[in-house]
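Asker: The following comprises the amino acid sequence and a computationally predicted model.
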Amino acid sequence: MQSFLNLIDLSTGRQVRLAEFGFEASSPSFCEDGVSFERGGSEWLFDLSTGLIKKRGETSTRPDCVTDVKLNFISELENGFGHCELVAHGKVIARFMGSEKSLGAVPEKDGKVVFIGYPSPDGIN
């Protein structure tokens, strides 16, 4: 399954697709080196300055940060995926196809939110 790594700047509302992966990625989180995400039980790193990815190893447990970023599913989940709203500080900032793992432990940093979306079965990304 394809995955899309996205970033939204909360101050401007600008959304940027950082990467289109040819595999299923999940649980994106800001970390000291960029954005970490899970793939096949391993943790990977997306370098924000170069766009390169590299394997970090087994998935580590990170403490959840205190954030007001949540997912609100607006359709029934089918095979773990459904239409959802990304809500930050009480406002809907994006609608997309997501899963319960579209957000990681640290989805918000410095006024930016990172999330993973997936292709829609009806052809709308």
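Answerer: Yep, that arrived.
Asker: For the closest residue to residue 24 other than its chain neighbours, give its distance to residue 100.
Answerer: Ranked by C-beta to C-beta, 6 or more residues apart in numbering and with sequence neighbours excluded, the top spatial neighbour of residue 24 is residue 1, at 4.2 Å. Every C-beta, even on glycine, is put in place using the N, C-alpha and C of the backbone. Distance, residue 1 to residue 100, by C-beta to C-beta, to the nearest Å: 15 Å.
Asker: same deal with residue 56?
Answerer: 22 Å.
Asker: Pull the number of nearby residues for the closest residue to residue 40 other than its chain neighbours.
Answerer: Spatial nearest neighbour of residue 40, excluding adjacent residues (C-beta to C-beta, 6+ apart): residue 23 at 7.7 Å. Number of residues near residue 23 (other C-beta atoms under 10 Å) recorded here: 10.
Asker: With residue 70 instead?
Answerer: 14.
Asker: Over to residue 83?
Answerer: Using other C-beta under 10 Å: residue 83 sits among 17 other residues.
Asker: Just grab the bridge partners of residue 42 for me.
Answerer: residue 39, residue 58 (DSSP bridges).
Asker: For it, give me the pLDDT.
Answerer: Among the per-residue scores, residue 42 shows a pLDDT of 93.
Asker: just to revisit the earlier point, now for the residue nearest to residue 24: which residues touch it?
Answerer: 23, 24, 118, 119 (C-beta atoms under 8 Å, 6 or more residues apart in numbering).
Asker: Please tell me how far it sits from residue 105.
Answerer: Taking C-beta to C-beta, one finds residue 1 at 22 Å from residue 105.
Asker: Name the nearest residue to residue 16, sequence neighbours excluded.
Answerer: residue 7 (5.1 Å).
Asker: Contacts for whichever strand or helix holds the one you found next, please.
Answerer: According to DSSP states H and E, residue 7 maps onto strand 3-9. Strand 3-9 has contacts (C-beta under 8 Å, 6+ apart) with 14-21, 23-26, 28, 35, 37, 46, 86, 88, 93-94, 96, 111-118, 125.
Asker: Neighbouring strands - and their directions - for that strand?
Answerer: strand 15-21 (antiparallel), strand 112-117 (antiparallel).
Asker: Could I get the buried residue list for the first one?
Answerer: In other words, strand 15-21. 18, 19, 21 (16 or more other C-beta atoms under 10 Å).
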